[in-house]
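Next comes the sequence, and after it the predicted model I'd like to discuss.
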Amino acid sequence: MKKKIILYSLFCLGIIISCSKDSDDTPPTKNVDKSANLLATGASANDILSNTNFDDLLIEIAYVTGFRPTTTSISDLENYLRQRTFKQNIDFIYKELESPNEETLVVDEIDDLEQENRTAYNDGKTLAFYIYFADAPSDGDDVDEGLVTLGAVYRNTSMVIYESTVRELASRSNTISIADVESATMQHEFGHLFGLVNLGTTPVNDHEDSEAENHCNITGCLMRAELQFGGPTNKSSKVTSKSGLHSACDLSGMGMMKLLQQQASRGLPVVPALDSECILDLQSNGGK
């Protein structure tokens, strides 16, 4: 009888242990639908500008250790988004990453890093973005020719800022700060995500430069053609991708620094604003 009791107790104990192990198993990871964040640049222009489908913005700032953007430029970006969109809440999350240890970066590599590290995707009424601050320059740069890239957009919610290049250029100026260059770069690239110029937001009046696709022909505008890497003032080719992925804009470092210095010398805000034609375009597509 005692043997039966002992055997029965051991059997029950085995069941309890087995059930305990099963309950500790990690629940399956929720599948995330990324498709709405893998579209062409400008495809989400109306969703960004209006509140028809999304009320809120979530921006994931991924940065290589030591290359986190300044607090000032992120604050400037938030103000810019509030000024031009109807979004009620704009939140930022930060993710520090190890260096990929690359001398230069091509779009394919940047996209691979995003697929590996991005955590913010559209969810309900929240539209999500990913901005990667890199510690390496663009592979398309030609330093000897003075052609360097500050940033690029390559999907509807994806952007890269070549932070090492931003800091290098800012360090050469006594009047232009790192925050100035970061702010101008992010706001210009967000202009393309807004669909400017003729990149998802149809122009009310024709102001697209004939030599620099998706850029403005009005002097002093944040979307000015001379800021395009490969535009009228820079005849080099854009960053290319073996997979076919390409950047809609590669922002010229020399062009941007020249514009920022002109603004400062005239006593104007260092970071240029959108001109009236670009603002009219945004308003026609649901923005302010």
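Yep, that arrived.

So what's the model's average confidence on stretch 202-220?
Stretch 202-220 carries an average pLDDT of 94.

Show residues contacting it.
By CB atoms under 8 Å, 6 or more residues apart in numbering, the residues outside stretch 202-220 that reach it are 192, 196-199, 223-228, 230-232, 248-249, 259, 263, 272, 275, 277-278, 280-281, 284-285. Quick note: C-beta positions are derived from backbone N, CA and C, even for glycine.

separation between the nearest residue to E109 once chain neighbours are set aside and L169?
In space, and not counting its chain neighbours, E109 is closest to E102: 6.5 Å by CB to CB, 6 or more residues apart in numbering. According to CB to CB, to the nearest Å, E102 and L169 sit 20 Å apart.

Looking at these two, which has the bigger crowd around it?
Shown here are E102 and L169; by other CB atoms under 10 Å, L169 has more neighbours (20 against 15).

element containing that one?
Taking DSSP states H and E as the criterion, L169 maps to helix 163-170.

which other helices and strands contact that helix?
Secondary-structure packing of helix 163-170 (3 or more CB pairs under 8 Å, 6 or more residues apart in numbering; DSSP states H and E): strand 149-155, helix 178-193, helix 253-265.

picking up where we left off before, can you classify the residue nearest to E109 as helix, strand or coil?
coil (DSSP: H, G, I helix; E, B strand; the rest coil).

Now the residue most central in space within the chain: phi and psi?
With distances taken as CA atoms, centre = their mean, M159 lies nearest the centre of the chain, 2.6 Å away. Backbone torsions of M159, given as degrees, to the nearest 10, read phi -150, psi 150.

What is the least confident helix or strand in the protein?
helix 2-23 (a mean of 44; mean pLDDT, DSSP states H and E).

most neighbours per residue, which of the helices and strands packed on helix 163-170?
strand 149-155 (a mean of 27; mean count of other CB atoms under 10 Å).

Identify the residues contacting it?
In contact with strand 149-155 (CB under 8 Å, 6+ apart) are residues 37-41, 107, 110-111, 137-138, 140-141, 159-162, 165-166, 169, 181, 185-186, 188-189, 192-193, 229, 239, 245-253, 256.

tell me the mean pLDDT over it?
95.

Just checking: what are the partner strands of it?
strand 158-161 (antiparallel), strand 249-252 (antiparallel) (DSSP bridges).

Can you give the distance from that strand to the centre of its chain?
Relative to the chain's own centre, strand 149-155 is displaced by 8 Å; criterion: CA atoms, centre = their mean, to the nearest Å.

for stretch 153-162, same thing?
4 Å.

Convert that stretch to CSV, retaining C-alpha atoms only.
Only the C-alpha atoms of stretch 153-162 are listed here, as CSV (Å, rounded to 0.1, in the frame of the first residue of the first chain):
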residue,chain,number,x,y,z
VAL,A,153,14.8,58.9,-47.9
TYR,A,154,14.3,55.5,-49.5
ARG,A,155,10.8,54.4,-48.4
ASN,A,156,7.6,56.1,-47.4
THR,A,157,8.5,56.0,-43.7
SER,A,158,12.3,55.5,-43.8
MET,A,159,15.2,57.9,-43.6
VAL,A,160,18.9,57.8,-43.1
ILE,A,161,21.0,60.7,-41.7
TYR,A,162,24.7,60.5,-42.3
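
about what we covered before: now the contacts of stretch 202-220: which count as buried?
Neighbour-count burial (16 or more other CB atoms under 10 Å) applied to the contacts of stretch 202-220 gives 192, 196-199, 223-228, 230-232, 248-249, 259, 263, 272, 275, 277-278, 281, 285.
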